[in-house]
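Participant: kindly return the folded structure for what I paste below:
(one chain, ligands or ions: 1)
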Amino acid sequence: MTDKKEYQKKLAEFNAKIEAEVKIEPKDWMPDDYRDQLVRQISQHAHSEIIGMQPEGNWLTRAPSIRSKMILLAKIQDEAGHGLYLYSAAETLGVRREQFLQWLHEGKAKYSSVFNYPTLNWVDIGAIGWLVDGAAILNQVSLQRTSYGPYSRAMVRICKEESFHQRQGFEIMYNMVNGTKAQQEMAQDSLNRWWWPSMMMFGPKDNESPNTKRTMDWKIKRESNDTLRQRFVDWTVEQAEFLGLKIPDPDLKWNDKNGHYDFGEIDWNEFYEVVKGNGPCNKERLQNHRKAHEEGRWVREALFEYSKNETEKN
Ligand code: FAQ
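Facilitator: Residues are numbered from 1 along each chain as shown. Have a look, this model is predicted:
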């Protein structure tokens, strides 16, 4: 068989598996482009989990009670674990973790834009749990059905933990809106600041999203950016009403015809500026990560030497 025929045969087998919802596993043949898309998306997802620890870590030492401190600490540790599951899933595609981190530090790999906004007060921890974890869960529930086995299995584990996170955030918001007038105002202010960055988490509109068509054809992504964003709006409006808070969007209104909420235009200029590295905290987030990575070098080297010695002994 010629090389071209051989390739066509493998591609047809691959496509048949995708069609039949059979998961693709690390040792299976896959087109280079499928592999590249997975490397890109899973590693960015992992970076988001890890960088996402920083805005919350900022409030660990100032949590208002020992109970809230313990819960927040556990949540942040969960995010570290999610990052590790995801880096491991991405490594099954043949790229080493050091390489992912190098791409992050060089600004070649992205992470979710939302983590480039500051957490100004304790209520922001509530807003992150409620809105940011809420948006992340919607996306990740859908990704549980992704076509790549290791990514899908990581998503199943992550979703179980993520639903606690959303409730942790909602509880903080609930306590604030049932507190003093000043606390209620802080809750509204926090929603005002986190609403639009949370909406941006789903990525550009479908007609401006360069990767969606290809990744949806391959069932890497199962639902489009706009579909998931609409679901987020529909779910969150009711939760905001329950809390007595107002979503900061004058164009938000129920649409009887399509059974969804209409919403206003996202500031796409702001989105692309933040993605390019010009958000309020981009530089600080990356600097912190580089510093922590450098400070941890001796641990990685010691572990490497230890495992090398153990292997030689056996
Ligand atoms: N921020 O063609 P598309 C969490 C980039 S986890 C920055 O539509 P795609 C847990 C995109 O990469 C949150 N960049 O891209 C937690 C692409 O650039 P590239 C993270 C963005 O991949 C909670 C370009 O724009 N979740 O929060 C963003 O088809 C609390 C064009 O976009 C995931 O990563 C953005 N928001 O769709 C942790 C889920 N949006 O790569 C701590 C997995 C787009 O070509 C505390 N990822 N870009 O250079 C996905 O589902 C997808 O990658 C999307 C983007 C939906 C994010």
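
Participant: up against the ligand, what does the stretch 201-314 of the chain have?
Facilitator: Residues of the stretch 201-314 of the chain lying near the ligand by C-beta under 6 Å from any ligand atom: 201-204, 209-212, 215, 221, 225, 275. C-beta: built from backbone N, CA, C; applies to glycine.

Participant: most neighbours of all those, which one?
Facilitator: In terms of neighbours by other C-beta atoms under 10 Å, those top out with residue 221 at 25 neighbours.

Participant: wait, is it part of a strand?
Facilitator: No: Residue 221: not assigned to a strand; according to DSSP: H, G, I helix; E, B strand; the rest coil it is coil.

Participant: hmm, it is touching residue 147, no?
Facilitator: No: at 9.6 Å, residue 221 does not count as touching residue 147 under the criterion of C-beta atoms under 8 Å.

Participant: can you find the residue of this structure that comes nearest to the ligand?
Facilitator: In the chain, no residue comes nearer to the ligand than residue 52, which is 2.6 Å away by C-beta to the nearest ligand atom.

Participant: got the buried residues for the helix or strand that contains residue 71?
Facilitator: According to DSSP states H and E, residue 71 maps onto helix 66-91. For helix 66-91, a neighbour-count test (16 or more other C-beta atoms under 10 Å) marks 68, 71-72, 75-76, 78-79, 82-83, 85-87, 89-91 as buried.

Participant: same thing with stretch 14-21?
Facilitator: 14, 17-18.

Participant: elements contacting the helix holding residue 71?
Facilitator: helix 32-51, helix 53-57, helix 97-105, helix 149-177 (3 or more C-beta pairs under 8 Å, 6 or more residues apart in numbering; DSSP states H and E).

Participant: average pLDDT for the third one?
Facilitator: In this model, helix 97-105 carries a mean pLDDT of 96.

Participant: ditto for the last one
Facilitator: Mean pLDDT, computed over helix 149-177, is 95.

Participant: that helix vs the ligand: in contact?
Facilitator: No: no part of helix 149-177 sits near the ligand under the criterion C-beta under 6 Å from any ligand atom; the closest distance found is 6.6 Å.

Participant: that helix vs helix 32-51, what angle?
Facilitator: 30 degrees (axes from the mean of the first three to the mean of the last three C-alpha atoms, to 10 degrees).

Participant: what helices or strands is helix 149-177 leaning on?
Facilitator: Packed against helix 149-177 by the contact rule (3+ C-beta pairs under 8 Å, 6+ apart) you find helix 66-91, helix 122-127, helix 133-143, helix 181-200, helix 225-243.

Participant: need those helices in CSV (columns: mean pLDDT).
Facilitator: Shown next, in CSV, are the helices and strands packed on helix 149-177 (pLDDT from 0 to 100):
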stretch, mean pLDDT
helix 66-91, 97
helix 122-127, 98
helix 133-143, 97
helix 181-200, 98
helix 225-243, 98
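
Participant: and these as TSV, adding distance to residue 251?
Facilitator: Output for these, formatted as TSV (distance: least, C-beta to C-beta, whole Å):
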stretch	distance to residue 251
helix 66-91	33
helix 122-127	21
helix 133-143	19
helix 181-200	12
helix 225-243	11
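
Participant: with that, I have no additional questions.
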